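Chemist: What would the 3D arrangement of this be:
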Amino acid sequence: MKVVIVGGVAGGATAAARIRRLDERAEIVVFERSGFISYANCGLPYYIGGIIQDPEDLTLQTPESFYARFRIQMKVHHEVTAVHPDRKTVSVKNLETGTVFEESYDKLLLSPGAKPVWPNLPGMDSDKLFTLRTVEDTFRIREFIDGKAPGSAVMVGGGFIGLEVAENLRELGMDVTIVQRPRQLMSPFDADMASFIHAEARRHGVRLALGYSVEGFADTDGGIDVLLKDHVPLHADLVILAIGVTPEATLAKDAGLALGIKGSILVNDRMETSVPDIYAVGDAVQVKHYVTAEDALIALAGPANKQGRIAADNICGGDSRYLGSQGSSVIKVFDMTAAATGINETNARKAGLDVDTVILSPMSHAGYYPGGRLMTMKVVFEKETFRLLGAQIVGYGGVDKRIDVLATAIHAGLKATQLKDLDLAYAPPYSSAKDPVNMAGFMIDNISRGLKQWHLEDAARLPRDGSVTLLDTRTVGEYRRGHIDGFKNIPVDELRERIGELEAGKPVYVICQSGLRSYIAVRILEGCGFEAYNFAGGFRFYDAVMNDRALVEAAMSCGMDK
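Modeler: Below is the predicted model of the structure:
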């Protein structure tokens, strides 16, 4: 059996190695148009910032090491220009010599990846404008930085790459601005949770220009201008474009393979395309979202690796199936960690799901052990069934551990109420006896038993005409330092003695700093015959989100983020 693989990196290189492990006699040829067949593309921003100093550390395998270990022909600087399913060959161009030839196959695997979005805007030919997708891109940016010593940069796009590069450029001492049309960074997060990411970026000196449309670029004697709609240009020494990627599916389209959303390659759960003996994996393929079962494009290394293994199994006569992508992700944002899995509240509602959320601010480990830091968790679930749909966490320690537990729970089909039953490891330096994941489960279990909540979006709609009681149960000092207009302050420890100050028969909407004291107050009020609602998130959460919204609004109305 002869297998030809188009593209290396996560999907193609993984498949090649797996095929060899399953079939010692197979002839395996990999064509990669870049000079690198297996590299740590997630580490590219950290090479730009100097965290990773040796470029060889980015290379996981070389053509020579791959051949020595697996006897696989890795042909770099070879571009496959056409696929001919009728005669089971591919056309290949040697980019070093210009030679063009055809290579036959019994099985073909397409792993072309995705390409950066390159919009049709004025000034795109500037030598001060870069994208970041490949090792070569990284070297070009690093060479520009080393040679020109730029003092300022604009990142166009605030996703994973945009935020990671912005951090690394800031660590190099540059003035950095992130500009993009959406009014929040990191779309896997709901806007309320993204506010914590914004705050961390601002705290480290990154300026945010959210809600602005880029209309082009113009070279100047002193650098490059980013032209904005209805606003003065942003000036910088270099610009890096990171506004997303699109599937690299030209080969598949030209060969007549069926395509999916946004021109992606359509595959089944065996990673088979619409043409026999042709498989496809990675960022170029359409997948099913594991939570919603809807068609999706999820460009992450983890899914690409799994798909490569599954395709290899099936090429070798097995029957492996891809269950779908869940979108689990984690990112370092200066000192903060932000992570997400499943779907967020925004996308759940767009999908027509009736959802609720809990928001909590637990410590990363036992409060009495030194070094604990707060994290903010948001867990999304379906109202009637309590099906666990997704989670987002931002914090400074233990975030990755909790998101992986929640990702596993979603994959296993646990209900959100069952999070309370998980038996998770505990020692004071690492967790609390009631782990944050357990705490989320306790809160959702309370809701399943009738506990009522109110949410941030309800705050402005709450009547101030006396028809309801608005109650802040924090201390007098906390209340004086900031509160929501219209809320009466009765500290929770005084509530039983002062219950007569509340008018019977009126619903009571309760808030505290994190949600715990207000929950206790709700239980007291319910025990005294009141209808009571607990605020999801606490005043700390409310204050962070509202401050962020105010900064974004101010930046849009009178100038850039400070």
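
Chemist: Using PDB, list the CA coordinates for stretch 449-458.
Modeler: What follows is stretch 449-458 as a C-alpha-only set of coordinates in PDB (Å, rounded to 0.1, in the frame of the first residue of the first chain):
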ATOM      1  CA  ARG A 449     -34.300  22.300  43.800                       C
ATOM      2  CA  GLY A 450     -35.900  25.700  43.300                       C
ATOM      3  CA  LEU A 451     -33.300  28.300  44.200                       C
ATOM      4  CA  LYS A 452     -34.000  31.500  42.100                       C
ATOM      5  CA  GLN A 453     -31.300  33.600  40.500                       C
ATOM      6  CA  TRP A 454     -31.100  37.000  38.800                       C
ATOM      7  CA  HIS A 455     -28.400  37.900  36.300                       C
ATOM      8  CA  LEU A 456     -26.300  40.900  35.300                       C
ATOM      9  CA  GLU A 457     -28.500  41.700  32.300                       C
ATOM     10  CA  ASP A 458     -31.500  42.000  34.800                       C
END
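
Chemist: And the average pLDDT for it is what?
Modeler: Mean per-residue pLDDT for stretch 449-458: 96.

Chemist: Show me which positions of it end up buried.
Modeler: Neighbour counts using 16 or more other Cβ atoms under 10 Å place 451, 453-455 of stretch 449-458 among the buried residues. To be clear about C-beta, it is placed using only N, CA and C from the backbone, and glycine gets the same treatment.

Chemist: mind listing what Tyr109 touches?
Modeler: Careful, residue 109 is Leu and not Tyr. The contact partners of Leu109, taken as Cβ atoms under 8 Å, 6 or more residues apart in numbering, are 3-6, 12, 15, 278-281, 311-312, 315.

Chemist: Can you find which helix in the protein contains the most residues?
Modeler: helix 538-558 (DSSP state H).

Chemist: And the host helix or strand of Ala209, what does it pack against?
Modeler: If you go by DSSP states H and E, Ala209 is part of strand 207-210. Using 3 or more Cβ pairs under 8 Å, 6 or more residues apart in numbering; DSSP states H and E, the elements in contact with strand 207-210 are strand 175-180, helix 191-203, helix 538-558.

Chemist: contact partners of the following helix or strand past that strand?
Modeler: Elements were assigned by DSSP H and E; along the chain past strand 207-210, the next helix or strand is strand 214-220. Residues outside strand 214-220 that contact it (Cβ under 8 Å, 6+ apart): 121-124, 126, 128-129, 156, 179, 181, 224-229, 233, 235, 239.

Chemist: Just want the angle from strand 214-220 to strand 175-180.
Modeler: Angle of strand 214-220 versus strand 175-180, following axes from the mean of the first three to the mean of the last three Cα atoms, to 10 degrees, is 150 degrees.

Chemist: Partner strands of the following helix or strand past strand 214-220 and their direction?
Modeler: Counting by DSSP H and E, the next helix or strand C-terminal to strand 214-220 is strand 223-228. Here strand 223-228 is paired, per DSSP bridges, with strand 214-220 (antiparallel), strand 231-236 (antiparallel).

Chemist: mind listing the helices for the protein?
Modeler: For the chain, helices defined by DSSP H occupy the ranges 9-22, 44-48, 63-70, 135-148, 160-171, 191-203, 250-254, 301-315, 345-350, 399-411, 436-448, 476-480, 516-527, 538-558.

Chemist: Ok, which of these comes nearest Leu374?
Modeler: The closest approach between Leu374 and any of those, judged by Cβ to Cβ, belongs to helix 538-558 at 8.1 Å.

Chemist: who touches the closest one?
Modeler: 183, 191-192, 194-196, 198-199, 202, 208-212, 359, 361, 376, 456, 459, 472, 474, 478, 482-484, 511-516, 518, 535, 561-562.

Chemist: Check which residues of the longest helix of the chain are buried.
Modeler: For helix 538-558, by 16+ other Cβ under 10 Å, it's 538-545, 548-549, 551-552, 555-556.

Chemist: Excluding chain neighbours, give the residue nearest to Lys288 in space.
Modeler: Spatial nearest neighbour of Lys288, excluding adjacent residues (Cβ to Cβ, 6 or more residues apart in numbering): Gly324 at 4.1 Å.
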